[in-house]
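Student: got a sequence here, can you model it:
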Amino acid sequence: MTISEKIISVHLTENPGRKVMPGELVVVHVDRVLLQDGTGPLAWSRFDELGLHGPAKPESIVSFLDHASPSPRQELANCHKLLRERAREYGITLSDIECGICHQRMIETFVHPGELILGSDSHTCTSGALGAFACGVGSTDAAIAVGLGEQWLRVPASWLIKIEGELNRWVTAKDIMLYLIGMIGADGGTYKALEFAGKTVEKMLVPERQVLCNMAVEAGAKTGIVSSDEMTKNYLREQGREQDWKEMSSDSDARYERTIEISAETLKPMVAQPHTVDNVQPVSEIAKEKVHIDQVFIGSCTGGRIEDLRIAAQILKGKKRATNTRLIITPASQATYEKALKEGILEQFVSAGGLVTAPGCGPCSGVHLGILADGEKCLATQNRNFRGRMGNPNSEVYLSSAAVAACSAIKGYIADPQELS
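Tutor: Prediction:
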């Protein structure tokens with residue numbers, strides 16, 4: 001079996017451990033449920049409507065206040081109040097407004113390899129970076145997972161995304177995913193489990209693997225997943241959670257519906273143009289047009305990790321943002337913020353003319369902290385650029401890595417970091 005099939009198999013409510021087949025409908029035990037402030041209140045509303053009387057496993061639920069933190073208006077403050085009250089009532093873990101983005105926090109603190117995780121957020125699949133089967137669900141499904149501790153799903157067919165070779169300078173996991181999504185399309189992997197493997201992936205740190213798994217859903221996939229190996233073990237050790245590690249991988253004779261091979265050496269920094277993630281081009285091509293950018297955003301669950309901030313700081317050191325280009329930086333979590341503070345990275349951002357916000361989703365979700373004006377263009381390190389994503393349907397959003405974003409903030413237009421000396 002593939003790693004996804006193995007995890008589903010051991011979580012079956014009936015005959016656990018039996019072989020499962022792609023397309024099969026199964027009922028599974030759920031190890032963890034993620035709720036966030038945008039969709040969590042809807043899940044609790046359905047929970048009440050369904051007559052559920054309490055969580056089956058309160059210790060398995062984590063509720064995050066991250067999409068609108070701190071709350072920018074009354075209605076959202078009331079949503080936060082509801083989530084805080086339910087957390088106190090049921091003994092649920094609450095990640096409050098200072099803690100950061102749910103997907104980053106899940107990786108740092110909660111997820112174990114081999115777990116089956118559901119979340120009321122489409123990017124729950126980020127947790128696949130630790131060798132867990134994780135996927136987003138609607139608020140009704142999340143409510144049932146909370147109340148019953150189990151859920152039904154269809155076993156996805158697995159695709160093997162095999163990446164070999166060394167990445168060139170300034171080419172990152174983000175560029176791999178933009179290239180892949182451009183190749184197969186934004187709906188090309190619908191309901192598939194994208195399993196990332198190969199020598200390139202084996203050398204990747206967990207934070208880079210997060211990007212691969214996070215953006216699997218941008219190709220329509222059910223989940224993204226990477227084997228749990230020594231890199232996983234090292235990451236958990238750094239978080240003080242080495243005891244949570246176990247090895248998880250596909251069988252050597254596992255069957256995949258499709259195999260896609262990517263040569264890392266051929267990849268270049270990429271940009272997704274408005275208004276779809278699969279509308280991609282190498283930065284070197286777009287840079288020729290000198291597309292003016294009104295705002296650069298470095299943050300989100302795909303581009304706000306300490307590794308992203310270090311890359312951006314390296315490029316911005318001793319330089320200033322372009323006069324007519326705003327620069328917003330939002331660390332993904334409190335732990336990331338603290339590391340950036342201690343390393344002097346935040347000071348470099350401020351010196352470059354950047355605005356550093358509190359940890360959270362920030363401008364990405366289009367609620368506050370960076371909504372665009374009519375006709376404005378933003379280059380962001382987030383994962384989505386559909387019309388209106390950042391709060392204004394009359395604006396345009398481009399996607400890139402932190403390296404491209406930082407370079408473009410200096411130039412004032414979309415620029416290629418490979419042209420840096």
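
Student: can you list the buried residues in the longest helix seen in the chain?
Tutor: When the chain is scanned for its longest helix (criterion: DSSP state H), the result is helix 74-90. Judged by neighbour count (16 or more other Cβ atoms under 10 Å), helix 74-90 contains these buried residues: Leu76, Cys79, His80, Leu82, Leu83, Arg86, Ala87. In short, each C-beta sits where N, CA and C put it, glycine included.

Student: just the CA coordinates for stretch 118-129, please, in CSV.
Tutor: This file holds the C-alpha atoms of stretch 118-129, laid out as CSV (Å, rounded to 0.1, in the frame of the first residue of the first chain):
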residue,chain,number,x,y,z
LEU,A,118,-9.3,16.5,9.4
GLY,A,119,-9.6,20.3,9.5
SER,A,120,-12.2,23.0,8.6
ASP,A,121,-9.6,24.5,6.3
SER,A,122,-8.5,23.4,2.9
HIS,A,123,-4.8,23.7,3.7
THR,A,124,-5.0,21.2,6.5
CYS,A,125,-3.1,19.0,4.1
THR,A,126,0.1,20.9,5.2
SER,A,127,0.4,18.3,8.0
GLY,A,128,1.3,15.7,5.4
ALA,A,129,4.9,17.1,5.7
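
Student: hmm, back to that, the longest helix of the chain packs against which elements?
Tutor: Contacts defined by 3 or more Cβ pairs under 8 Å, 6 or more residues apart in numbering; DSSP states H and E place helix 74-90 against helix 40-49, strand 61-64, strand 93-95.

Student: next, the buried residues of the first one.
Tutor: So that's helix 40-49. Gly40, Pro41, Leu42, Ala43, Trp44, Arg46, Phe47.

Student: run through who's touching it.
Tutor: With Cβ atoms under 8 Å, 6 or more residues apart in numbering as the test, helix 40-49 has contacts from 35, 63-64, 79, 82-83, 86, 120, 139-140, 142-143, 146-147.

Student: now that helix: average pLDDT?
Tutor: What helix 40-49 shows for mean pLDDT is 97.

Student: how far out from the middle of the chain is it?
Tutor: Averaging C-alpha positions (Cα atoms, centre = their mean, to the nearest Å) puts helix 40-49 24 Å from its chain's average.

Student: how about the strands in the stretch 1-150 of the chain?
Tutor: Using DSSP state E, counting those that start in this stretch, the strands of the stretch 1-150 of the chain run over 25-29, 32-36, 61-64, 93-95, 116-119, 133-136, 150-154.

Student: point out the most buried one among these.
Tutor: Most buried of those, by mean neighbour count (mean count of other Cβ atoms under 10 Å): strand 32-36, with a mean of 29.

Student: run the chain-centre distance for that strand.
Tutor: Its chain's C-alpha centre and that of strand 32-36 lie 14 Å apart, by Cα atoms, centre = their mean.

Student: how much space separates Gly51 from Asp37?
Tutor: Distance of Gly51 to Asp37, computed by Cβ to Cβ, to the nearest Å: 24 Å.

Student: neighbour-wise, which of those two wins?
Tutor: In this comparison of Gly51 against Asp37, neighbours counted by other Cβ atoms under 10 Å, the higher total goes to Asp37 at 26 against 7.

Student: specify which member of the contacts of helix 40-49 is nearest to Gly303.
Tutor: When the contacts of helix 40-49 are compared for distance to Gly303 (Cβ to Cβ), Phe64 wins out at 18.3 Å.

Student: now do the same for the closest one: its pLDDT.
Tutor: Phe64 is assigned 98 on the pLDDT scale.

Student: low pLDDT regions in the stretch 1-150 of the chain?
Tutor: Confidence mapping of the stretch 1-150 of the chain against pLDDT under 70 gives zero matching residues.

Student: what of the stretch 251-400 of the chain?
Tutor: For the stretch 251-400 of the chain, no stretch has pLDDT under 70.

Student: mind putting the buried residues of helix 74-90 into JSON lines with distance to Ala272?
Tutor: Conversion of those to JSON lines gives the following (distance: Cβ to Cβ, whole Å):
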{"residue": "Leu76", "distance to Ala272": "28"}
{"residue": "Cys79", "distance to Ala272": "30"}
{"residue": "His80", "distance to Ala272": "32"}
{"residue": "Leu82", "distance to Ala272": "35"}
{"residue": "Leu83", "distance to Ala272": "32"}
{"residue": "Arg86", "distance to Ala272": "37"}
{"residue": "Ala87", "distance to Ala272": "36"}
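
Student: sorry, back to before: which residues sit against the longest helix of the chain?
Tutor: The list of residues contacting helix 74-90 from outside it, by Cβ under 8 Å, 6+ apart, reads 35, 37, 40-41, 44, 54-55, 58, 61, 63, 65, 68-69, 71, 92-94, 96-97, 367.

Student: in contact with the closest residue in space to Val28 that isn't next to it in sequence, which residues?
Tutor: Taking Cβ to Cβ, 6 or more residues apart in numbering as the measure, Val28 lies nearest to His11, with 4.1 Å between them; neighbours along the chain are not counted. With contact taken as Cβ under 8 Å, 6+ apart, His11 is in contact with Val28, His29, Val30, Asp31, Leu116.
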